[in-house]
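K.L.:
I need the structure of the sequence given here:
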Amino acid sequence: MIHHLSPQVIKKMHISDGILAPEWCLVWFAIVIPLIAVGVWQIKRSTKENASYLPMPAKICDMLRIDAHKHFDFEFSSVSELVERLKKTDYERLKTLFDTLAGKLSQKTDADVYVFDNSGDMLACFPQAENENCKLQSF
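P.N.:
Presented below is the predicted three-dimensional model:
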């Protein structure tokens, strides 16, 4: 107990934000650049091998700048609420809407598009290959 009460010299230091010697900035920059380059290369390679988008319904509306309120004659506060409501009452209308949006997004991005709701159910898909069906490819 006496050990904890006696004054001690602490040999630890915190470097304040913005105070780092230029040499150390260069060292850490040199270390991180190859790691970033490898990450970017892997992302580009994987998108060339399997160009697919997996947007949620609200995201696909955002990407295409579509206001879902203009397509339905009832009030809803979010696209998520719309999806949950139509899943119970008019599932075919919901699928038709998102099939159309998936097709537009696929044309815009040149990628396969699969649209899922919050529970993981596939609402729509639009594969680029005409003979390909709507089964999600594994990554």
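
K.L.:
Using the record's assignment, carve the chain into domains.
P.N.:
21-50, 51-139 (automatic domain parsing).

K.L.:
most tightly surrounded among those?
P.N.:
Mean neighbour count (mean count of other CB atoms under 10 Å) peaks for domain 51-139 among the domains of the chain, with a mean of 15. (C-beta placed from N, C-alpha, C; glycine too.)

K.L.:
now it: mean pLDDT?
P.N.:
The pLDDT scores in domain 51-139 average 76.

K.L.:
mind checking the longest helix of this protein?
P.N.:
helix 22-49 (DSSP state H).

K.L.:
Can you pull the phi/psi pair for Asp113?
P.N.:
No, residue 113 isn't Asp; it's Val. The phi and psi torsions at Val113 (degrees, to the nearest 10) take the values phi -130, psi 130.

K.L.:
Surely it and Met122 touch.
P.N.:
No. Using CB atoms under 8 Å as the test, Val113 is too far from Met122 to be in contact (11.0 Å).

K.L.:
Which parts of this structure are strands?
P.N.:
52-53, 112-116, 122-126 (DSSP state E).

K.L.:
got the angle between the second one and strand 122-126?
P.N.:
For strand 112-116 and strand 122-126, the angle between their directions (axes from the mean of the first three to the mean of the last three CA atoms, to 10 degrees) works out to 170 degrees.

K.L.:
Name every strand pairing with strand 112-116 and say which way it goes.
P.N.:
strand 52-53 (parallel), strand 122-126 (antiparallel) (DSSP bridges).

K.L.:
circling back: helices and strands around the longest helix of the chain, which ones?
P.N.:
Of the remaining helices and strands, none touches helix 22-49 by 3 or more CB pairs under 8 Å, 6 or more residues apart in numbering; DSSP states H and E.

K.L.:
quick one: that helix to chain centroid distance?
P.N.:
21 Å (CA atoms, centre = their mean, to the nearest Å).

K.L.:
do the same with stretch 95-105
P.N.:
With CA atoms, centre = their mean, you get 19 Å for stretch 95-105.

K.L.:
Perfect, that will be all.
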